[in-house]
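Chemist: sharing a sequence plus its predicted fold:
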Amino acid sequence: MTEKEMTLNELVAEILESYAEYPMIQNIDSENRINRTVVMEVLENLRRIVFPGYFETRNLKGESVSYHVGELMESIQYNLTKQVARALKHRIEDVPESHEEALREAGGIVLRFLEKIPSVRALLVTDVKAGYDGDPAAFNTDEIILSYPGLYAIFVNRIAHELFLLGVPLIPRMMTEHAHGKTGIDIHPGATIGKYFFIDHGTGVVVGETTVIGDNVKIYQGVTLGALSTRGGQSLRNTKRHPTLEDNVTVYSGASILGGETLIGQGAVIGSNAFVTSSVPSNTRVSIKNPELQFKDRKGKAGELGQEGFFNRPERD
């Protein structure tokens with residue numbers, strides 16, 4: 001054995017020792033490993049079910065829709081049941097004692113989830129309409145469905161939220177973090193969101209687990225609906241940590257609304273870059289005072305913008 005091979009073998013042995021030393025970040029010999037690729041395939045097939053004809057690889061014909069939907073549903077049910085059964089092994093309490101027991105429970109969960117698809121579609125119709133009605137730059141609703149990151153993040157959240165409500169561990173968060181990676185929009189699957197929800201532009205939006213959002217709410221890029229503090233860590237689990245937005249609220253870019261007791265009343269408008277940690281009455285406009293703008297030319301001489309928008313230096317004495 002050469003010196004190079006020996007060095008490599010020693011390194012392998014050291015890595016194996018670290019596996020034993022830090023079991024938290026290894027999953028060897030596990031029967032509960034969730035296949036992320038399969039979960040994402042399920043999510044994409046659900047998108048084809050929800051928006052038929054938009055994301056297939058070939059044109060969908062009316063005479064074959066029944067066969068197409070049936071084939072997709074069969075694939076979703078089979079693959080999702082297997083992954084949910086594995087996810088149930090990650091529960092803190094009531095962990096299934098055997099793989100067969102986990103499969104039986106998972107089968108019931110997945111069936112109840114699939115029964116929710118028509119109601120999820122009914123909500124997403126309102127979200128598409130909100131996107132089109134709320135954005136004069138939108139050419140038509142097809143553009144919203146095919147290209148808007150906000151709608152994709154909302155679609156994934158509405159799917160993941162149903163699995164979250166059914167008590168499925170891990171998989172809902174895997175789905176929403178996939179959407180986060182694609183869109184820059186981070187919505188926890190536990191967030192409760194009403195109909196006609198629109199996220200404009202979207203990048204940098206954060207919506208925390210216990211957020212409650214009413215109907216006809218519009219938020220812009222960079223908005224955070226978050227917690228005041230997470231220093232308590234796991235002791236804060238199952239507490240209301242994130243704000244509530246009632247119906248017809250608009251939150252402009254860069255605003256942060258924090259705290260579980262913070263309630264934004266109906267029809268309120270939160271201006272850009274506002275930092276809100278207490279409740280806001282209905283039909284109230286919140287804004288920060290505009291900073292004073294200073295203008296200097298390249299030589300550092302002060303001036304101001306004239307009526308036509310051109311830079312004017314003060315007249316000399």
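Modeler: Good, I have the coordinates.

Chemist: who's in contact with residue 250?
Modeler: Taking C-beta atoms under 8 Å, 6 or more residues apart in numbering, we find residue 250 in contact with 217, 218, 219, 268, 269, 270. The C-beta positions use only the backbone N, C-alpha and C, and glycine is treated the same way.

Chemist: so of these, which ones are in helices?
Modeler: With DSSP state H as the criterion, helices contain none of the contacts of residue 250.

Chemist: and the strands in the stretch 201-317 of the chain, which stretches?
Modeler: 206-207, 212-213, 218-220, 224-226, 244-245, 250-251, 256-258, 263-264, 269-270, 275-276, 285-286, 295-296, 302-305, 311-312 (DSSP state E, counting those that start in this stretch).

Chemist: can I get those in a markdown table including distance to residue 103?
Modeler: Formatted as a markdown table, the strands of the stretch 201-317 of the chain follow (distance: least, C-beta to C-beta, whole Å):
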| stretch | distance to residue 103 |
| --- | --- |
| strand 206-207 | 33 |
| strand 212-213 | 34 |
| strand 218-220 | 40 |
| strand 224-226 | 37 |
| strand 244-245 | 38 |
| strand 250-251 | 43 |
| strand 256-258 | 42 |
| strand 263-264 | 43 |
| strand 269-270 | 47 |
| strand 275-276 | 47 |
| strand 285-286 | 51 |
| strand 295-296 | 69 |
| strand 302-305 | 69 |
| strand 311-312 | 71 |
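
Chemist: got JSON lines for the ones you listed, with distance to residue 33 and mean pLDDT too?
Modeler: Output for those, formatted as JSON lines (distance: least, C-beta to C-beta, whole Å; pLDDT from 0 to 100):
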{"stretch": "strand 206-207", "distance to residue 33": "29", "mean pLDDT": "98"}
{"stretch": "strand 212-213", "distance to residue 33": "34", "mean pLDDT": "98"}
{"stretch": "strand 218-220", "distance to residue 33": "36", "mean pLDDT": "98"}
{"stretch": "strand 224-226", "distance to residue 33": "32", "mean pLDDT": "98"}
{"stretch": "strand 244-245", "distance to residue 33": "37", "mean pLDDT": "98"}
{"stretch": "strand 250-251", "distance to residue 33": "39", "mean pLDDT": "98"}
{"stretch": "strand 256-258", "distance to residue 33": "36", "mean pLDDT": "98"}
{"stretch": "strand 263-264", "distance to residue 33": "41", "mean pLDDT": "98"}
{"stretch": "strand 269-270", "distance to residue 33": "43", "mean pLDDT": "98"}
{"stretch": "strand 275-276", "distance to residue 33": "42", "mean pLDDT": "98"}
{"stretch": "strand 285-286", "distance to residue 33": "47", "mean pLDDT": "97"}
{"stretch": "strand 295-296", "distance to residue 33": "60", "mean pLDDT": "82"}
{"stretch": "strand 302-305", "distance to residue 33": "61", "mean pLDDT": "59"}
{"stretch": "strand 311-312", "distance to residue 33": "62", "mean pLDDT": "52"}
